[in-house]
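Asker: just the structure for this:
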Amino acid sequence: MLTSCMIVGRVKETPEVRTTSKGTTVAHMLLDVERPFRNEDGTLTTDTFKIVLWRGIAEECAEHCTPGSMIAVRGRLQSTAYEKEGSIWYNCEIIAEKVVHIR
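Answerer: Numbers count the residues shown, from 1 in each chain. Next comes the predicted model:
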């Protein structure tokens, strides 16, 4: 099975690096991506994706990715499910494997 994706968008907020209890570096980042078509009123819709960054990628992105920076992310999709108030909720995030800053 394969869950691979590539998205290009603008960084919404600077990623904050933290360290797990086992000493692994991790960060989360939001990426705004415009859809490639206009709505009926002529505007573009933006989707926001949660990106998870591990180890060296987390440190590099925290240093170089500022709000508004355009980046390309190649990674894999990861889905989680949880129950809240009797309903099952699903969450999908992108685990970054490669991040490229676009100038």
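
Asker: which parts of stretch 65-84 are buried?
Answerer: 65, 69, 71, 73, 75 (16 or more other Cβ atoms under 10 Å). C-beta coordinates here come from the backbone N, C-alpha and C atoms, glycine included.

Asker: and the fourth one, that one's in a helix?
Answerer: No. When the secondary structure is assigned by DSSP: H, G, I helix; E, B strand; the rest coil, residue 73 falls in strand instead of a helix.

Asker: correct me if wrong: it contacts residue 11.
Answerer: No. Residue 73 lies out of contact with residue 11 (Cβ atoms under 8 Å); the separation is 10.1 Å.

Asker: shared neighbours, those two?
Answerer: Common neighbours of residue 73 and residue 11, using Cβ atoms under 8 Å, 6 or more residues apart in numbering, are residue 31.

Asker: show me what stretch 28-46 is in contact with.
Answerer: Stretch 28-46 is touched from outside by 7-16, 47-53, 61, 65, 71, 73, with contacts defined as Cβ under 8 Å, 6+ apart.

Asker: same thing with stretch 88-98?
Answerer: With Cβ under 8 Å, 6+ apart as the test, stretch 88-98 has contacts from 5, 7, 49-54, 57, 61, 73-83.

Asker: and residue 11, how many neighbours?
Answerer: The local packing of residue 11 (other Cβ atoms under 10 Å) involves 21 other residues.

Asker: can you list the low-confidence ranges for this protein?
Answerer: Along the chain, no part satisfies pLDDT under 70.

Asker: try it again at 80.
Answerer: 1-2, 103 (pLDDT under 80).

Asker: hang on, residue 58 in a strand?
Answerer: No. Using three-state DSSP, the assignment for residue 58 is helix, not a strand.

Asker: which one of the buried residues of stretch 65-84 is nearest residue 100?
Answerer: Among the buried residues of stretch 65-84, residue 71 lies closest to residue 100 (Cβ to Cβ), at 6.4 Å.

Asker: thank you, goodbye.
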